[in-house]
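[1] How does the following fold in three dimensions:
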Amino acid sequence: QVQLVESGGGLVQAGGSLRLSCRISEGGSRIYVMGWFRQAPGKEREFVSSIRWRDGTTYYGDSMKGRVTVSRDIAGRTVILRMNSLQSEDTAVYYCAHKSGFDGADDDQKAYVAWGQGTQVTVSS
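    Below you'll find the model as predicted:
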């Protein structure tokens, strides 16, 4: 099973930008889909974005569509989430996750088998 480590979270003012990274360990299962989810205090975890490793197909959830871009660095085994125009409601712990096949929807967290520890994003108004 792959190990995932997120980085790049922090404190940002409303309207600002952040770049989150998720490093995927060497070895383990083949990478099929990488997803980003977030969980705000008192709320359920929700889908942000995903990218299919082989062909780069991306998918965005409604919560941040138009304000985020997901990409991958295949050689560096890294998934990147660029977030713009951040607002206070974007404050959450952001997680990357690995889906080890194409079964299940890419926006369904139950379809993901490995998760990072999360990185905190705090947007001050």
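[2] Please, which helix or strand holds the most centrally placed residue in the chain?
    Centrality entry for the chain: nearest residue to the mean C-alpha point is residue 36, 2.1 Å, by Cα atoms, centre = their mean. Of the helices and strands defined by DSSP states H and E, residue 36 is found in strand 33-39.
[3] Name the residues of that strand that come out as buried.
    Using 16 or more other Cβ atoms under 10 Å as the test for burial, strand 33-39 gives 33-38. Glycine gets a C-beta too; all of them are placed from N, C-alpha and C.
[4] I'd like the next helix or strand past it.
    With DSSP H and E, the next secondary element past strand 33-39 is strand 46-52.
[5] And for that following strand, what's in contact with it?
    Applying Cβ atoms under 8 Å, 6 or more residues apart in numbering, the set of residues contacting strand 46-52 from outside is 32-39, 57-61, 63-64, 68, 70-72, 79, 81, 94, 99, 106-109.
[6] Strands along this structure, start to end?
    Counting by DSSP state E, the chain has these strands, from start to end: 4-7, 10-13, 18-24, 33-39, 46-52, 58-60, 68-73, 78-83, 92-99, 114-115, 119-124.
[7] May I see those arranged in a markdown table, with mean pLDDT as well?
    Formatted as a markdown table, the strands of the chain follow (pLDDT from 0 to 100):
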| stretch | mean pLDDT |
| --- | --- |
| strand 4-7 | 96 |
| strand 10-13 | 98 |
| strand 18-24 | 97 |
| strand 33-39 | 98 |
| strand 46-52 | 98 |
| strand 58-60 | 97 |
| strand 68-73 | 98 |
| strand 78-83 | 98 |
| strand 92-99 | 97 |
| strand 114-115 | 96 |
| strand 119-124 | 98 |
